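Predicted model, plus sequence, below.
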Amino acid sequence: MTEKELHPSRKVKLSDGMVKQNVVLMSGLFAAPVIAASTDLYSSLAISLAFTLVTLVSVSIGYFLPRKLVFAVRIALYAIIAASVYAPAAILLNEIFPLTVIQNIGIYLPIIITNPLILSKTESRFYFRPFKYMLKDAVGFVTGFDLVCITVGVIRDVLANNRIGTFRMWLPFQIPALGTVFGGFILVGVLSGLFRAVYNRNKKSRARRSKEGK
């Protein structure tokens, strides 16, 4: 069976990366920055922007590396490419966001260089496809991460800080613990459970309707 038969171009769906194989809520492959550093709206936006730029540009460049290279060499080159892309991305982030936001994210910003979409999905999924379909597939995965990251950041901003960005909210309660790593872990765990429950329920409903339609 050829690579094209294994991964037909016509089966590329944005929903695969956004929902079915979401790297945070479904597989948990890259949850650390969301749990530890996405504590408010601006932090989540900064993480999402860095993740989008570094991942899409790195995956696009790495696509053209010769497949004949030894696997370990390819992986090392992917990391080098991502590190090179991260440098201008970091400069851009510093121009857009206050220094306090970048400091709040800390080490969880540069670890985007070694995210699984660059170091594993490239070899197991993306690079089996023609470039334009690969890019579409990658956009789905990146969007899935970004949506979760921003959602978690907004929820924590509202419940832990009683605000959204600079807009102050006067709620009758506040949960400061949500701003901690432990609080982030609990929140992402709850969201993951709910997300999977809804996904599985919809999947069963579609399967039932399909059987009834035959």
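That came through, no problem.

tally of neighbours for residue 139?
18 (other Cβ atoms under 10 Å). All C-beta spots, glycine's among them, are computed from the backbone N, C-alpha and C.

wait, doesn't it sit right on residue 16?
No. Applying Cβ atoms under 8 Å, one finds residue 139 not in contact with residue 16, separated by 10.9 Å.

name the helices or strands packed onto the helix or strand encompassing residue 50?
Element membership for residue 50 (DSSP states H and E) is helix 41-62. Helices and strands touching helix 41-62, by 3 or more Cβ pairs under 8 Å, 6 or more residues apart in numbering; DSSP states H and E, are helix 32-37, helix 71-96, helix 99-105, helix 116-119, helix 131-161.

Distance from the chain centre to the first one, please.
Remark: helix 32-37 is offset 11 Å from the chain centroid, using Cα atoms, centre = their mean, to the nearest Å.

The fourth one too?
When C-alpha coordinates are averaged (Cα atoms, centre = their mean), helix 116-119 and its chain have centres 10 Å apart.

who does the helix or strand just after it touch, helix- and strand-wise?
Using DSSP H and E, the helix or strand that follows helix 116-119 in sequence is helix 121-124. With contacts taken as 3+ Cβ pairs under 8 Å, 6+ apart, helix 121-124 sits against helix 71-96.

mind checking how far the helix it packs on is from the chain centre?
The answer for helix 71-96 is 16 Å, by Cα atoms, centre = their mean.

Buried residues in that helix, which are they?
74-75, 78-79, 81-82, 85-86, 89-90, 93 (16 or more other Cβ atoms under 10 Å).

related to what we said a few turns ago, now do the helix holding residue 50 against helix 131-161: the angle between them, please.
160 degrees (axes from the mean of the first three to the mean of the last three Cα atoms, to 10 degrees).

Quick check: buried residues in helix 41-62?
Quick answer for helix 41-62 (16+ other Cβ under 10 Å): 41-60, 62.

quick revisit: for the buried residues of helix 71-96, please prepare JSON lines with the additional fields distance to residue 104.
Formatted as JSON lines, these follow (distance: Cβ to Cβ, whole Å):
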{"residue": "74", "distance to residue 104": "34"}
{"residue": "75", "distance to residue 104": "30"}
{"residue": "78", "distance to residue 104": "28"}
{"residue": "79", "distance to residue 104": "25"}
{"residue": "81", "distance to residue 104": "27"}
{"residue": "82", "distance to residue 104": "22"}
{"residue": "85", "distance to residue 104": "22"}
{"residue": "86", "distance to residue 104": "18"}
{"residue": "89", "distance to residue 104": "17"}
{"residue": "90", "distance to residue 104": "15"}
{"residue": "93", "distance to residue 104": "12"}
